[in-house]
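Q: whatever this is, show me its structure:
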Amino acid sequence: MNELKKRIDGGMAIEDIGAWLDGLDHDARWANVQVLGKSEQSKLYSLAAGRLTPLSHYVPDTIAPGTPVRHLGRNTLPVFTRFEKRFMRAPGQDDLLWGYNHGATMGLTGPGYFVVREPGSSSPDGRSDFGEQNFINYYEVPAEQPPAGWPPLRDNTGLVGNLVYGQMCDYMWRVSEHVSVGEAFKKGSSIQSWFVLCRLP
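A: Predicted coordinates for the structure are as follows:
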């Protein structure tokens with residue numbers, strides 16, 4: 001059995017899981033993360049509750065504004081389970097990240113642009129029970145076309161784009177220095193869909 005699955009299913013403390021992941025190199029870390037199914041991801045989300053994800057988790061403070069940072073992802077959907085979220089610090093705004101979803105479905109669904117603010121920001125979807133939890137916000141997109149060869153800027157409207165990304169927030173917890181776990185909410189309600197992200201070093 002996958003070592004990370006063993007630790008999650010065995011009820012290991014999240015601090016110990018995080019420390020173990022921190023001790024792996026990227027290839028080993030991603031090898032463990034990318035095979036997690038729905039059961040393990042939902043358990044990991046519960047285990048990680050309360051571990052906030054500051055903006056520096058997605059884009060380290062040493063990375064210049066406008067420089068993309070890639071996070072490899074595995075979700076719990078029936079198909080297209082591998083994807084990436086790419087983040088950058090918004091030019092001239094240290095307290096704001098821009099991002100989009102990079103993957104095989106971009107041509108159909110659009111890039112799924114989003115913004116991220118520091119933990120404690122107000123939720124756009126009417127939730128009042130999330131406290132200081134950080135979230136990826138698809139209600140809002142970057143104010144201008146991002147640089148670095150990113151896809152043409154689109155909001156999350158239209159028939160397919162709205163179905164996939166519209167009126168959605170991904171609420172996030174930190175697992176380790178490079179790994180985070182999220183749960184998707186539409187119009188403030190969980191859609192029982194989780195995903196894990198693993199930041200490239």
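
Q: mind listing residues that contact the strand or helix carrying Glu15?
A: Assigned by DSSP states H and E, Glu15 belongs to helix 14-22. Identification of contacts with helix 14-22 by Cβ atoms under 8 Å, 6 or more residues apart in numbering yields 3-4, 7-8, 29, 32, 44, 47-48, 51, 174-179. All C-beta spots, glycine's among them, are computed from the backbone N, C-alpha and C.

Q: quick check: buried residues in it?
A: When burial is assessed from 16 or more other Cβ atoms under 10 Å, helix 14-22 yields the following buried residues: Ile14, Ile17, Gly18, Trp20, Leu21.

Q: from Pro60, how far off is the third one?
A: According to Cβ to Cβ, to the nearest Å, Gly18 and Pro60 sit 17 Å apart.

Q: which of the contacts of helix 14-22 fall in helices?
A: In helices, judged by DSSP state H, the following of those are found: Glu3, Leu4, Arg7, Ile8, Arg29, Asn32, Leu44, Leu47.

Q: thinking again about what came up before, out of the contacts of helix 14-22, which are buried?
A: 4, 7-8, 29, 32, 44, 47-48, 51, 174-176, 178-179.

Q: among the residues you listed, which pair sits farthest apart?
A: Greatest spacing in the buried ones among the contacts of helix 14-22, by Cβ to Cβ: Asn32 and Arg51 (18.1 Å).

Q: where along the protein do the strands fall?
A: Counting by DSSP state E, residue ranges of the strands within the chain are 69-75, 82-89, 96-102, 114-117, 134-137, 168-174, 179-186, 189-199.

Q: next one: Asn162, what pLDDT does it get?
A: With respect to pLDDT, Asn162 scores 85.
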